[in-house]
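**Student:** please work out how this folds:
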Amino acid sequence: MKLMVLGASGWIGSTIVAEAIARGDEVTALVRDQDNYQVDGVTAKTFDLNDNGVNISSLVSDETVCVAAIGGRALGNHEIVAQTATRLLSELSNSSIQRLLWVGGAGSLEVTNGMKLIESPDFPAEYKDEAIAQGQALEVFRSTKNSSNLDWTFISPAAEIFPGDKSGKYRIGYEQLIMDEQGNSRISVEDYAVAFVDEIENANNINKRIGVAY
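**Tutor:** Numbering: from 1, shown residues only. Next up is the predicted model:
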């Protein structure tokens with residue numbers, strides 16, 4: 001399978017790239033500076049999300065899947081998250097890309113009686129803007145209907161995602177936050193990447209949001 005990955009140099013994006021390469025997929029990475037991105041087996045192309053003068057479709061060769069792993073925390077420009085969702089759905093519609101898989105957030109998942117995780121009293125304040133932005137991106141996808149010919153999947157991690165071991169085990173949920181018997185919602189970034197690439201390969205959840213956790 002041929003993938004184009006936006007945000008390939010980030011923590012989650014780079015882990016997804018590594019998992020895809022390990023499975024024999026072909027990966028094109030869109031990064032701010034292709035000369036500073038050296039990953040064996042990956043073709044790099046320079047692309048800056050802040051440059052609205054470049055149509056993303058011009059960077060597509062024959063890839064059929066786009067992976068987006070972006071956020072606004074580094075520069076404090078959280079509005080770029082929903083803007084990028086809108087932009088990808090529009091600009092990739094006339095390319096070889098058929099599916100868009102999005103690294104989402106957990107904040108919009110429900111914890112109890114319709115209350116979202118972000119609405120919980122103990123939700124960390126430092127992550128609230130990021131969670132709001134991801135929720136806005138999810139609404140962009142849900143409102144597309146017939147406005148884009150791309151199939152999408154929005155993949156939310158557990159409430160806690162951390163560097164750890166790859167077990168290859170995970171559970172899939174939908175609108176409810178997945179928790180274990182102790183009430184914890186956790187997954188390693190490595191197993192999140194396994195779940196993510198499994199969804200790329202199997203396409204079991206087209207035009208849906210899913211959550212993955214232990």
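**Student:** dump the residue contacts of the closest residue to Thr64 other than its chain neighbours.
**Tutor:** What sits nearest to Thr64 in space, not counting adjacent residues and going by Cβ to Cβ, 6 or more residues apart in numbering, is Gln98, at 5.0 Å. The way it works is simple: take the backbone N, C-alpha and C, and place the C-beta from them, glycine included. Neighbour list for Gln98: 64-65, 150-151 [criterion: Cβ atoms under 8 Å, 6 or more residues apart in numbering].
**Student:** Ala8 versus Gln98, what's the distance?
**Tutor:** 19 Å (Cβ to Cβ, to the nearest Å).
**Student:** then Asp40?
**Tutor:** 13 Å.
**Student:** which one of these two has more residues nearby?
**Tutor:** Ala8 (25 against 5; other Cβ atoms under 10 Å).
**Student:** what's the closest non-adjacent residue to the more buried one?
**Tutor:** Ala29 (3.5 Å).
**Student:** in which helix or strand would I find the one you found?
**Tutor:** Ala29 belongs to strand 26-31 when assigned by DSSP states H and E.
**Student:** so what pairs up with Ile187 in the strands?
**Tutor:** Ile161 (DSSP bridges).
**Student:** wait, doesn't it sit right on Gly211?
**Tutor:** No: under the criterion of Cβ atoms under 8 Å, Ile187 makes no contact with Gly211, lying 9.4 Å away.
**Student:** and for the two, which residues touch both?
**Tutor:** 157-158.
**Student:** going along the chain, name the strands of the chain.
**Tutor:** With DSSP state E as the criterion, the chain has strands at 2-6, 26-31, 42-46, 65-68, 99-103, 110-112, 115-116, 151-156, 160-162, 171-173, 186-188, 208-213.
**Student:** what's the angle from the second one to strand 42-46?
**Tutor:** Going back to what we said before, that points to strand 26-31. 30 degrees (axes from the mean of the first three to the mean of the last three Cα atoms, to 10 degrees).
**Student:** need the CA coordinates for strand 26-31. PDB is fine.
**Tutor:** The C-alpha trace of strand 26-31 is given here as PDB (Å, rounded to 0.1, in the frame of the first residue of the first chain):
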ATOM      1  CA  GLU A  26       5.500   2.500   0.700                       C
ATOM      2  CA  VAL A  27       5.600   5.900   2.600                       C
ATOM      3  CA  THR A  28       5.900   9.400   1.400                       C
ATOM      4  CA  ALA A  29       6.500  11.800   4.300                       C
ATOM      5  CA  LEU A  30       5.400  15.500   4.100                       C
ATOM      6  CA  VAL A  31       7.700  17.400   6.400                       C
END
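**Student:** any idea which residue sits dead centre in this protein?
**Tutor:** Val103 (1.4 Å; Cα atoms, centre = their mean).
**Student:** now do the residue lying closest to that residue once chain neighbours are set aside, the pLDDT please.
**Tutor:** Nearest residue to Val103, sequence neighbours excluded (Cβ to Cβ, 6+ apart): Ala69, at 4.0 Å. Ala69 carries a pLDDT value of 97.
**Student:** in contact with Ala69, which residues are there?
**Tutor:** The contact partners of Ala69, by Cβ under 8 Å, 6+ apart, come to 5-8, 10, 12-13, 16, 103.
**Student:** run the last query once more with 10 Å
**Tutor:** Contacts for Ala69 (Cβ atoms under 10 Å, 6 or more residues apart in numbering) come out as 5-17, 101-104, 155, 196.
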